[in-house]
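K.L.:
Just need the structure, nothing else, for what follows:
(5 chains)
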Amino acid sequence: MSDKAKDFFEAFKAGKMSRRELMAGAGKLGLSAAAANFLLNGAATRALAADFNWKKFSGEKLHLLLNKHPYADAMIADLANFKTLTGMDVTYDIFPEDVYFDKVTAALSSKSSQYDAFMTGAYMTWTYGPAGWIEDLNQWIKDPAKTNPNYNWDDVLPGLRASTAWNGVPGGELGSADAKQWCIPWGFELNSITYNRKMYDKVGVKPANNLPELVETAAKLTKDLGGPYGIGVRGSRSWATIHPGFLSGYANYGQKDFTVSDGKLKAAMNTPESKDYHKLWVKMIQESGPKNWSTYTWYQVGTDLGAGASATIFDADILGYFMDGGDNKEKGNLGFHAFAANPAAKAPTPNVWIWSLAMNAASKQKDAAWYFMQWASSTEHDMFGARKMDFVNPVRQSVWKDDEFRNRIEKSYNGYLQQYEASSPGARIYFTAQPLFFDVTTQWAETLQKMVAKQVPVDEGLDQLAASIDKQLKDAGLG
Amino acid sequence: MADIALSLTKVDKIYQRRGKPPVHAVKSLDMAVERGEIIALLGSSGCGKTSTLRMIAGFEAVSNGDIVLADRRIDQLPPARRGVAMAFEGYSLYPPLTVRDNIAFALKSARLSAKDVEKRVAEISRLVEIEEILDRYPSSISGGQQQRASLARALVRRADLYLLDEPMGQLEPQLRAVLRGRLKSLLVERRMTSIFVTHDQTEANALADRIAVMEAGVLQQFASQKELRDRPANLFVATFVGEPPMNVFEAAVENGERLRFKVTAGPTFDFASSEIPLPVRQAIGGRERAVVGVRPHAIRLGGGLNEARIVSNQWLGDQSHLAMDVAGKLLVAVSHKPIAAKAGEKIRYDAAAADLHVFDAATEAAVSHGLETA
Amino acid sequence: MTAAAVKSHEAAPRRRKANLLPYFLSLPALLVCVGILIPFVTAIYYSLLRFRLNLPMLKGFIWFQNYIDFLTDATFWHTVRVSLLYTALTVGVELVFGLTIALLLQKPSRVNNVISVLLLLPLMTAPAIAALMWKLMTNPNFGVLSYFVQLLGVSNFKWASDPNTALFTVVLVDVWVYTPFIMILLLAGLRSLPQQPFEAAALDGVPRRFVFFRITLPMLMPYMVTAALFRLLDSIQQFDIIYPMTQGGPGDTLLVFQVRSYLEFYQYTNVGKSAALLIILWAITYALSNVFIKQWLRLRERARGLA
Amino acid sequence: MESTSFIERILRGAALSLIVIFFLFPIFWILLMSFQTNEEILRIPPSLFFTPTLSNYAALITGKLATVSGTLDIAFMKNLWNSVLLSTASVAIALALGVPAAYAFARFKFRLGEDIAFTLLSFRFAPPLLVLLPLSLYFQALGLTDTYVGLIWVYQLIALPLILWIVRGYFEDISPDIEHAYRVAGHSWGRTFLRIAIPLARPGIAAAGLLAFIFCWNNFVFALILASADKQPVTVGALAFVTASGIQYGQIAAAIVLSVTPTLALALYAQRYLVEGLSLGAVKG
Amino acid sequence: MAALELRSVSKAFKASKVLDSVSLAAEEGEIVCVFGPSGSGKTVLLRLIAGVEQADEGSIMLEGRDVTDTAPEARGVGMAFQNFALFPHMSAFDNVASALTARRASPEAIRGKVEKIARLLKIGHVLEHAPRELSNGQKQRTALARALVADPKILLLDDPLRNVDAKLRYEMRLELPALLRTSGSTVLYVTQDYKEAMALGDRIAVLLDGGVAQVAKPADIYREPATLGVARLFGDPAINLVPVQPLASPSGPKIGIGGASLSLPASYAHAIGKRCMLGLRPESLAVEAQPSQESFDVDLVAATPLNEKTLLLLRTADGRELLASEPNADEAPRRHGPAFARFDANAVLLFDAANGRRIAPQSA
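P.N.:
Numbers count the residues shown, from 1 in each chain, chains lettered A, B, ... in the order given. Coordinates of the predicted model:
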């Protein structure tokens, strides 16, 4: 990540250090909280309307494409306020994640104008952007005529802003000066360890501090618990297997997916360090992972933890968060723990996933769509979600500072805030932005599956993977 | 009878049907067939002849009674162990096999030497004239050829009994006459006990030593063809056997000075008692009503008591068929000479006492045949 | 009529008016389908392009380069192999299994009829739904099948998530869904076979084994070929079961044609490759079905001749 | 006659029992699952004993899915309705187009006739994706994206060849003399077609329609690619019971049960036609 | 003007020509039996006239009107099909009425006409039954009623008695002529039973190998068949055919059978020296115990009774098999063994062996 771009986590850390100050000063924070409360009872609608012509597109009808996710649920729960505020109508299609991104691709690639805005991750914009399917949102953010004065774009964690901006050059730095803002961060997650405190107590282990430890702890758990397995990580044949715990640990070992020189990319997964890391990872799954690991998406990883079928997960913090509540069997039994895989590393380096909102380039009512997007990413809405709904890991600094939100989390989720605060400084996207992202990660996941199934030795598998990716890069003119 | 090959004793076949009354297809059938004898089972469709055949073959269980073949009781044995060979009526050939393999299949599976098989197949296919089609598949040959192949497949086996179901039904008329002769001489020569089912009297007459006439599951009469023609046991046999069938009318009987049969709005057959032997008159006795029958060939045209309007007069090249409208029915007369009469004209006719068959009006059993009692 | 007039008739064969009716009847159906088929031509065109949606600047006509790339790509041959293996296994197992069941149910009786209807139920289950069902049943935590397998003492059976058993698992689901289809077809076939040849064989004392292999099986052939054809077409294009269950994994174990091209398109946005893959699949399907249809027509001719 | 021995009968019975268990157990198990709460389902080891709950069905039917994050609206019943609408309309149109065409192929030998018939049949060979991928691009231009019309049109790819195939065979099995007799009696072709040909082929048409309905209903990939949430059928909709708070296994099971019930009911009701259609039409084509 | 006329009609299916330039005419009210062996094109001929098949060449005239291209429903013909072709989903009544509904007759008129024809054909009691509930005989009568009910000018009957049992067939054979006369239709009746053709036809058209071999009155055809082929088709048992070569002799032409030299009438003098086929009808062959003039030696091989006749299988001295039939079956059974056969010289038929045509006797 660029030096120029301020790492939002660093900024937040700075914020945290001055928290007492800020809390004592209260000022802005109290104001924000008040504004959010207003929003909740509908008064904010009028308050917002006072500064900006929210009714400009009254009567227009927006159509959204959403992933089945608590963030979307939170937004839907608040949608009536948007309708009242703008006089617009909003409808949406909502799909489970299994098929969601295929739906997005189908809609965008056919240049369909049926959706105006949609949920996406940052990785996807590396495809959508160059393909010309989405808009550079700077055109709107920076236009005072189109964006309400209270929007406060700078309140969004800077690292997230940077991670969702790319100049379109393969290997180009995220958040560079010439970067286009392909999407607006909405909610995010970072990867750490969530564990079952009861099980850990029963077996008498403590959360692992690094990968070698984790391998051991997980093996012990698996052995001693007699039923539940030690560690849950994703394993499906998909990019999603690579990006959470796996890449976080990988980055912690200082490893990269590509090296970039002279604008050319070269696969970097077959370094000796990478091979060692892969070996540990594979061993961990073989010894203590879920039996049908290779079909595991975050749904299964989470469900197992919640149902008491696994003792630990190394995945999104918010996933652990969800499993600690609801009607899950292990509700309230979970603990959260920041994790630096490399024993030599000083701090965790979690890779992040950022749920964002992007605008369909084929939309016929982009300005109106932007109204929705700025509302959905506004402080007010973010605050509503964080306080009242499960909008954990909100993207705005001001929300993270909200006491009501913090208290709620602190009270009900054992160690969540500590985990977050320990992890966040090193959290960012550790992938190299480039158009073959999905080709590469899917193949990487496939290779991992083969390694775990002992179809190929780790060293050999990684050499093959790197060679194959280099060939593809070359074919695509990137290598 | 000395040498009985097959005997059926009190054989019943009752089909049980769900939710419907059972069907009694064969009723208390008794039949004994001598070794080497050729029997025809004659009857209309549904008369029970096919059920009988299938019971003998073992495709249908016997409801009652027993079947003995070559001194073995076979009615409980599986078909394969009964020692019976059968030629089926329909498409019974094995479609996937050539005609040759069809004929040889049973022999081969019985592990006969290839040479023997070949010899026997050649012999039998010459007999039924299918040598040219031996290497064709059943689907590519005509119905008649299939039937002959099926016949060959049955005859090629050595069995205690041969069942032939309508063995010539599909053949062209010319070929049928030729094959009939050959089949008969083969059966006679080898003393092959056989039963064949047919609805064609010509065939039954030509082939069989004795004919079993069945109707409604009951064996009506089992006799030689001459016997059937001259002395039908009942009205059914009388009207079933014979081409064209016997003309029959219900008549009022007057058995006194004269023997007189008066058909309402129809002919009167009137004879002096002296013309009729006493036993016959006694047999007819005091009946007030009876059914009288005259075979078409016995109707004497051009004279006599009765007159009728001609409905049609058809000359078939060697015989004339004359239909008259009598008592609302057709009365048919056959002559081997052309009759010069046209439809619509009237003609006189009569019948001789010797040609008159009398049946009981109620039981339909024969009372007398011409000058003899039944 | 004079002889000359007759002659003139003989000399001039009548021009038969073309009957437009059949065209009138069949064209609407054709038009509706051809409308759908235009994309097919487009797909052929795409397959000749270097065409990745997210690298628009690379788009260009490259003739058969996509195909050539595949032919030299080991993973492509793996896809061919897996697809054919899957097809052979499912069609083979389903034929044998379906035939066995049909033979067991051959005799029409109340029990047999009820069973044959009950066995239709899996067929009525959408394959995608069936895949979901089996996914639940093979779940290692609460899946009832996993539980049974464990009871049997096999503790490490991983169903679809182990490369060694993944193919077995999806084939099992396919077998579960489609065997009834084959069964019912063959059952109908068996029951419609003429009885007399079998009676003849029974009477002639032909051993059962003989009868089965020399008579029953050949007579059932048209039905078997039809069943195989139907299944073949579906199997080689399998997607509904494999994709929801494994997405082609584990590793590349089940990366069959349609799954692979689906991923090429929707995940890698590589339109050219995806189209080329599908065209190859189409060619294979076409070739295979041609073989079967020829066989089927031959058998039909024979069956028709018989009737 | 009875040549089957006692042992053979026992073996047959055992084999049939195993077969019935293999094919019916999954359905039975899913049915059980649909009456359990998620918690009961996730119990280890699985158990046959539980207190049945209708909550899964209630959630589906009311469309209110209770999750940690509040109540979610799910359009499952809408999906079910979409399935009904799509399948019914597709089959109706396929019958309207396919029956006359099948009749033409069965009764007339005409130039290009066999070619047209083969072309229509060959739709069965085309990999669905091959057509779908470019089609999704075209539909945008035609304004058919996410419309019932568009989906029904594409569903013709499933229904039409099937109907042609089966109904043609059926027509061929009916003696044309019956129609000839009606025409000679003085009736026009149209009347003959409507009054004689169609009524006589009714069993075949019913079977073909039924099969086409089932195949349309069971279709997954067409709807997956072309339908929005608003228009999607149950096969795609059943995938939607996955929320962040976990996979709602009970609801998935209930959704499976609900989604297969119509076809199962239809099949049980009309199995006679189905068997006939599968055997006659398919083989004699 | 003929009621029906075919002019050089040809029809081929794929490569095989089924009808080759067939011309045939029927007068109004006439019953013409189209007779021939199976595969001779009889049915196709009928179907061309009905319009359910299209002729390749030639034209078809109904009452002077060229209907070659007319649709079947517009030809005004009635037809009964060999396999009945009843509408299985309609009652017998509706089946019969179908020809009337097409003519938009009133329901009362339809009922009246249907019931009338049903009475005539004795199916009045089964009118409400579906075809599957009818016996074969009733089906056949229903089909006939359907063809007849609208009083068509042209009635086409395609072997309507083929699928009914022998007894019924016989009865119908006797009844049909009267029935057909009452309808007044011109009838084309296809059959492959020569007896039926002789019994029913005013004239018989013999169809052989796609062409009309002979058209004549029944008795004439039997007595004077135009060709060997026609002669073979008539007669049960079939005609005996013996290859002969008439030789000249002082007492007229002579032929040799089984070593004997037998006389032919002088009217066959023109056949002397030709290679011929002698046709001897079984009924014109007499078998006697004693030799007589013009008799020849035979061996009586078998005597089979056949419908009030006895068939005698004879073998001549040169091994040729001949069949004789004797009408009087009541005689004592024939003893097998040597006997003497004699034929009625005036009943012999002589055919040119080269082309199969009959050689007609010529008065001197």
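
K.L.:
in the stretch 1-150 of chain A, which spans are helices?
P.N.:
Listed in chain order, the helices of the stretch 1-150 of chain A (DSSP state H, counting those that start in this stretch) span A:8-17, A:19-25, A:27-41, A:43-51, A:70-86, A:97-109, A:122-131, A:138-141.

K.L.:
did I read that right, C:Val170 in a helix?
P.N.:
Yes: with DSSP: H, G, I helix; E, B strand; the rest coil as the criterion, C:Val170 is located in a helix.

K.L.:
rank the helices of the stretch 1-150 of chain A by mean pLDDT and give me the bottom one.
P.N.:
Lowest mean pLDDT within these: helix A:19-25, at a mean of 31.

K.L.:
all strands of the stretch 351-479 of chain A, in order?
P.N.:
A:352-359 (DSSP state E, counting those that start in this stretch).

K.L.:
which bits of it sit near chain D?
P.N.:
A:Met389, A:Asp390 (C-beta under 8 Å from any C-beta of the partner chain). C-beta coordinates here come from the backbone N, C-alpha and C atoms, glycine included.

K.L.:
Name the residue of the stretch 351-479 of chain A that lies nearest to chain D.
P.N.:
A:Asp390 (4.5 Å; C-beta to the nearest C-beta).

K.L.:
just checking, that residue touches A:Leu319?
P.N.:
No: with contact defined as C-beta atoms under 8 Å, A:Asp390 does not count as touching A:Leu319 (11.4 Å).

K.L.:
burial count for B:Glu89?
P.N.:
Using other C-beta atoms under 10 Å in any protein chain shown, B:Glu89 has 19 other residues around it.

K.L.:
if I've got this straight, it is in a strand?
P.N.:
No: B:Glu89 is assigned coil when assessed by three-state DSSP, not a strand.

K.L.:
Can you give me the end-to-end span of stretch A:135-148?
P.N.:
With C-alpha to C-alpha, to the nearest Å as the measure, stretch A:135-148 spans 19 Å from end to end.

K.L.:
what residues go with each domain of chain B?
P.N.:
B:4-233, B:240-373 (automatic domain parsing).

K.L.:
Can you convert the ones you listed into JSON lines and add a column each for distance to E:Tyr189 and mean pLDDT?
P.N.:
As requested, the domains of chain B are exported to JSON lines (distance: least, C-beta to C-beta, whole Å; pLDDT from 0 to 100):
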{"stretch": "domain B:4-233", "distance to E:Tyr189": "19", "mean pLDDT": "89"}
{"stretch": "domain B:240-373", "distance to E:Tyr189": "14", "mean pLDDT": "89"}
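
K.L.:
Can you tell me which residues in the stretch 51-200 of chain A are near chain C?
P.N.:
Counting by C-beta under 8 Å from any C-beta, the stretch 51-200 of chain A comes close to chain C at A:98, A:101-102, A:105-106, A:109, A:126-133.

K.L.:
Now list the buried members of those.
P.N.:
Neighbour-count burial (16 or more other C-beta atoms under 10 Å in any protein chain shown) applied to those gives A:98, A:101-102, A:105-106, A:109, A:126-131, A:133.

K.L.:
correct me, but C:Ile38 touches D:Tyr138?
P.N.:
Yes: counting by C-beta under 8 Å, C:Ile38 touches D:Tyr138, with 7.1 Å between them.

K.L.:
Brilliant, that's me finished.
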